[in-house]
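**Student:** sequence? don't have it. structure:
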């Protein structure tokens with residue numbers, strides 16, 4: 001499945017797709033940013049929390065951070081990190097794998113994951129790592145597309161699918177492979193990882209876009225927490241194993 005030529009072509013064009021979703025069309029960008037707005041609202045009361053932006057990409061969430069100086073970003077995609085730093089030279093970002101985070105146990109107050117969990121074939125490994133790096137009482141906030149509704153499907157076909165489908169790329173097939181987890185699978189996996197006795201989710205924030213797109217901020221409060229190369233700056237010693 002992951003050798004499908006449509007999937008491979010779509011992933012090779014990752015930078016182009018990010019530019020389209022966030023920067024090419026004000027309406028598409030407004031819908032895409034709904035998850036960022038929801039997470040900004042959820043974090044308004046704890047602006048000083050030491051935060052890990054897990055799968056930070058090229059910095060899409062940076063404008064929605066209350067305290068960028070209290071955020072460490074990590075991503076596997078080198079080109080996205082370089083683009084991030086070209087826009088925000090003072091950012092602290094690392095190249096690394098969310099299945100094996102290069103941080104010591106119980107170091108972050110908050111972990112963010114925005115539009116990434118739906119892509120992870122080994123979702124449980126990533127959640128275990130997020131749980132490990134969180135302090136006692138820390139929180140995981142995730143934003144994912146809620147796919148499958150009629151309005152959502154129509155919106156996708158009229159915008160992103162129309163823009164990217166060609167004789168050489170079946171976008172809808174590539175997307176079906178790429179988005180291997182639904183919001184319900186992710187929410188259940190978070191609950192399982194955090195522990196059956198935890199009050200999970202503590203709350204959920206949903207924001208609907210014009211195309212029926214719903215972005216969900218899910219908060220899991222963990223009883224305890226435990227998480228490659230430095231692209232820019234020095235990682236504070238207190239974060240390292």
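**Tutor:** Yep, it's here. Quick caveat, the model's predicted, so the values are computed rather than measured.
**Student:** What residues sit buried inside stretch 78-91?
**Tutor:** By neighbour count on 16 or more other CB atoms under 10 Å, the buried set for stretch 78-91 is 80, 81, 83, 84, 85, 88, 91. Heads up, the C-betas are built off the backbone N, CA and C, glycines and all.
**Student:** typo on my end, stretch 113-121
**Tutor:** By 16+ other CB under 10 Å, the buried positions in stretch 113-121 come out as 113, 114, 115, 116, 117, 118, 119, 120.
**Student:** next one: stretch 96-114
**Tutor:** Buried-residue list, stretch 96-114, by 16+ other CB under 10 Å: 96, 98, 101-103, 106-114.
**Student:** Now find how far off-centre that stretch is within its chain.
**Tutor:** With CA atoms, centre = their mean, to the nearest Å as the basis, stretch 96-114 stands 12 Å off its chain's centre.
**Student:** what about it, average pLDDT?
**Tutor:** Stretch 96-114 carries an average pLDDT of 95.
**Student:** Kindly check the end-to-end length of that stretch for me.
**Tutor:** One end of stretch 96-114 to the other measures 16 Å (CA to CA, to the nearest Å).
**Student:** quick revisit: next, give me the two most distant ones among the buried residues of stretch 96-114.
**Tutor:** For the buried residues of stretch 96-114, the maximum inter-member distance is 22.6 Å, found between 106 and 114 (CB to CB).
**Student:** a markdown table please, covering the buried residues of stretch 96-114 and showing secondary structure.
**Tutor:** Below are those laid out as a markdown table (DSSP: H, G, I helix; E, B strand; the rest coil):
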| residue | secondary structure |
| --- | --- |
| 96 | coil |
| 98 | coil |
| 101 | coil |
| 102 | coil |
| 103 | coil |
| 106 | coil |
| 107 | coil |
| 108 | strand |
| 109 | strand |
| 110 | strand |
| 111 | strand |
| 112 | strand |
| 113 | strand |
| 114 | strand |
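**Student:** Nearest to residue 51 among those residues?
**Tutor:** Taking those together and measuring to residue 51 by CB to CB, the closest member is residue 110, at 4.5 Å.
**Student:** from what I can see the closest one touches residue 52, true?
**Tutor:** Yes. With contact defined as CB atoms under 8 Å, residue 110 and residue 52 form a contacting pair (7.3 Å).
**Student:** Spit out the contact partners of residue 32.
**Tutor:** 21, 22 (CB atoms under 8 Å, 6 or more residues apart in numbering).
**Student:** what distance separates the start and the end of stretch 50-57?
**Tutor:** 19 Å.
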